[in-house]
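Enquirer: kindly return the folded structure for what I paste below:
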Amino acid sequence: MTPVTETIMYPFLFLALYFEVFAVLTFFDRDARRRRMQKPSENYDSVAIIVPCFNEEKTVGKAAESLLALDYPADKLTVVLVDDGSTDDTARVMDSYASNPRVRIIHKENGGKHTALNAGIALTTTDFIGCLDADSFAAPDALKEVMSHFDDERIGAVTASMSVHAPKSILQRMQAAEYLLGIALRHILATWNGLYVTPGPLSVFRRKVFQELGPFTPAHNTEDMEIAMRMQRAGWKIQNAPRAQVFTNAPRTLGAIVKQRTRWTTGFIKNGFDYRDLFGNPRYGVLGLLVLPLGIFSILSGIVLFFIVLLEGLRSIVNTVTRILEVPFTFTLPTFDWFFAPVSALAILAVIAIVISVALMLTGASISRTKTSLGPSVLWYLALYAFVAPLWLIRSVSDVTLGITRSWR
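Expert: Numbers count the residues shown, from 1 in each chain. Here you go, the predicted model:
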């Protein structure tokens, strides 16, 4: 690696390590420890959980069954299934639950996920409103765990811990490790009110949030980010329930994951521009000074480091081919001596960053009580993520720059 490329990489690696060390130290914060040990509340508030559906005939049944199986008083829980103009058998599957007194069903013309959620909110009168994507399902104690974290009147939303359900393909295993890392980071950032998204796989809101701030909006196909940023701007807090398990079906193919993550990344960039007053603003604490700026930085660093690795790899190939052509070829078995290993400060820092990342994945699995074959998932994450992520990062930046809008389905 040339001195120039090393010089470029040092700032990116330093900031990544800075954030990881901050995360590790915050994990041992007193409030973080308290929330990890928090017992489910026995004061049951009324909750309506909305399941927005568009062509979800294969998954909505499992989502509905998981909500009806929640360990929560039946008279305090309402399940709202909203058919957003599906063209498959989603409506028929939903209607099979019409006889259940806890289930409300809405059929409407297609208008987008935000309109389905708003229709569910308008139909209910409960004190709290939850959202569950139709391709996800919750553990029986998930809602109790979530509700126990509404211990402050200014906590407007609580998110759950998302895990990949039954990962099979290589990419799904890669995502399984990524989701465990996300579990740990959401728990840690929530300690300092640093969350900027309320994910579709089970986030619960106080109704007062919508009464004060208004309903969901289109928000560049990422209404879960927009509402969170709107809440942060208005002074609401967003907490995380690390033991509230929710499982989601992750994309199986490269095309599917790039399409999904392009929507997420594009939504972050566009919502970030809409709420640019949050960035670098000390009024919003860790969120404004660290989390949001580093979100943009991580997008840029992922792209820059990808091209550095690509160019260095090509340069190495060219040098190898040149040497072969200049010197008569003789085949010898390769040997390796640790004494001559290329040890540098950059390599040491990179190894430390990887070790901390893996430790956070293990932490995510532990605090969420997620049972999974972590070893293969971590290996595929370390082997592939740095090469796969730039595909959607580059595409997202290109789309935003050129004004391209893509369908998310």
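Enquirer: could you pull up the residues touching the closest residue to Phe22 other than its chain neighbours?
Expert: Once flanking residues are discounted, Phe22 sits nearest to Leu290: 7.2 Å by CB to CB, 6 or more residues apart in numbering. C-beta here means a position set from N, CA and C on the backbone, and glycine is covered the same way. Each residue near Leu290 by CB atoms under 8 Å, 6 or more residues apart in numbering is listed here: 19, 22, 194.
Enquirer: can you tell me the element the second one falls in?
Expert: Counting by DSSP states H and E, the element that carries Phe22 is helix 3-27.
Enquirer: quick revisit: most neighbours among the contacts of Leu290, which one?
Expert: The most crowded member of those, judged by other CB atoms under 10 Å, is Gly194 (22 neighbours).
Enquirer: sec struct for that residue, please.
Expert: coil (DSSP: H, G, I helix; E, B strand; the rest coil).
Enquirer: isn't it right next to Val291, touching?
Expert: Yes: using CB atoms under 8 Å, Gly194 is in contact with Val291, at 4.5 Å.
Enquirer: for Gln245, give me phi and psi.
Expert: When read as degrees, to the nearest 10, the backbone of Gln245 gives phi -80, psi 130.
Enquirer: which residue is the nearest non-sequential neighbour of Ile356?
Expert: In space, Ile356 is closest to Glu20, 4.4 Å off (CB to CB, 6+ apart).
Enquirer: verify the stated contact: that neighbour with Val355.
Expert: No: Glu20 lies out of contact with Val355 (CB under 8 Å); the separation is 9.5 Å.
Enquirer: who's more crowded, those two?
Expert: Glu20 (19 against 11).
Enquirer: pLDDT wise, what is that one at?
Expert: Looking at Glu20, its pLDDT is 92.
Enquirer: for Leu213, state which of the contacts of Leu290 is nearest.
Expert: Gly194 (19.3 Å; CB to CB).
Enquirer: can you give me the strands for the protein?
Expert: Per DSSP state E, the chain carries strands over the ranges 47-53, 77-84, 103-108, 128-132, 136-138, 155-164, 201-206, 237-248.
Enquirer: now do the buried residues in the longest helix along the chain.
Expert: Longest among the helix segments of the chain by residue count, using DSSP state H, is helix 292-326. Buried residues in helix 292-326, defined by neighbour count with 16 or more other CB atoms under 10 Å: 292-294, 298-299, 301-303, 305-306, 308-309.
Enquirer: and if you look at stretch 147-155?
Expert: Buried residues in stretch 147-155 (16+ other CB under 10 Å): 147-150, 155.
Enquirer: reformat those residues as JSON lines; add pLDDT and distance to Gly214.
Expert: Shown next, in JSON lines, are the buried residues of stretch 147-155 (pLDDT from 0 to 100; distance: CB to CB, whole Å):
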{"residue": "Met147", "pLDDT": "96", "distance to Gly214": "24"}
{"residue": "Ser148", "pLDDT": "95", "distance to Gly214": "28"}
{"residue": "His149", "pLDDT": "95", "distance to Gly214": "24"}
{"residue": "Phe150", "pLDDT": "96", "distance to Gly214": "21"}
{"residue": "Ile155", "pLDDT": "97", "distance to Gly214": "19"}
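Enquirer: helices - which of these land there?
Expert: Met147.
Enquirer: next, format the buried residues of stretch 147-155 as CSV and append distance to Asp29.
Expert: Formatted as CSV, these follow (distance: CB to CB, whole Å):
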residue, distance to Asp29
Met147, 23
Ser148, 19
His149, 15
Phe150, 20
Ile155, 17
